[in-house]
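Chemist: after the sequence you'll find the predicted model.
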Amino acid sequence: MISIKTASGLELTFPRKKLDDWETMKLLRDIDKGEDFKLIDLCERLFDDDIEKIKEHVKDEDGDVTFTAMAEEIALIFSAVKELKN
């Protein structure tokens, strides 16, 4: 299991094997190629049990969850994971 805390204060725990999954890698490749909306599929694949927790964390003052806020938080999550590897 990987336990992380992002720079924004979100705490998550998820199985390490989810980061070494073929389908996850394909989604990351698609996102890198500019298919931004694949981020939704990536979130569901990696954080299925914690999606609501992440959404709650990034809600704005009106209670909306923007794609931009989710993308930024996912970037923070990957940054925190990368720090664990170093």
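Modeler: Thanks, I have it.
Chemist: what's the separation between the residue nearest to residue 66 when sequence neighbours are not counted and residue 27?
Modeler: Ranked by CB to CB, 6 or more residues apart in numbering and with sequence neighbours excluded, the top spatial neighbour of residue 66 is residue 60, at 6.7 Å. C-beta: built from backbone N, CA, C; applies to glycine. Distance, residue 60 to residue 27, by CB to CB, to the nearest Å: 26 Å.
Chemist: just residue 1 next, same as before
Modeler: Taken as CB to CB, the span from residue 1 to residue 27 is 21 Å.
Chemist: quickly find the element holding residue 84.
Modeler: Assigned by DSSP states H and E, residue 84 falls within helix 67-85.
Chemist: could I have the CA atoms of that helix written out in PDB?
Modeler: The C-alpha trace of helix 67-85 is given here as PDB (Å, rounded to 0.1, in the frame of the first residue of the first chain):
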ATOM      1  CA  PHE A  67     -12.200  19.500 -14.200                       C
ATOM      2  CA  THR A  68      -9.300  21.900 -13.600                       C
ATOM      3  CA  ALA A  69      -9.400  21.400  -9.800                       C
ATOM      4  CA  MET A  70      -9.400  17.600 -10.200                       C
ATOM      5  CA  ALA A  71      -6.600  17.700 -12.700                       C
ATOM      6  CA  GLU A  72      -4.500  19.900 -10.400                       C
ATOM      7  CA  GLU A  73      -5.200  17.500  -7.400                       C
ATOM      8  CA  ILE A  74      -4.300  14.500  -9.500                       C
ATOM      9  CA  ALA A  75      -1.000  16.200 -10.500                       C
ATOM     10  CA  LEU A  76      -0.300  16.700  -6.700                       C
ATOM     11  CA  ILE A  77      -1.100  13.100  -6.000                       C
ATOM     12  CA  PHE A  78       1.400  11.900  -8.700                       C
ATOM     13  CA  SER A  79       3.900  14.400  -7.400                       C
ATOM     14  CA  ALA A  80       3.500  13.000  -3.800                       C
ATOM     15  CA  VAL A  81       3.900   9.400  -5.200                       C
ATOM     16  CA  LYS A  82       7.100  10.400  -7.100                       C
ATOM     17  CA  GLU A  83       8.500  11.900  -3.900                       C
ATOM     18  CA  LEU A  84       8.000   8.500  -2.200                       C
ATOM     19  CA  LYS A  85      10.100   6.800  -4.900                       C
END
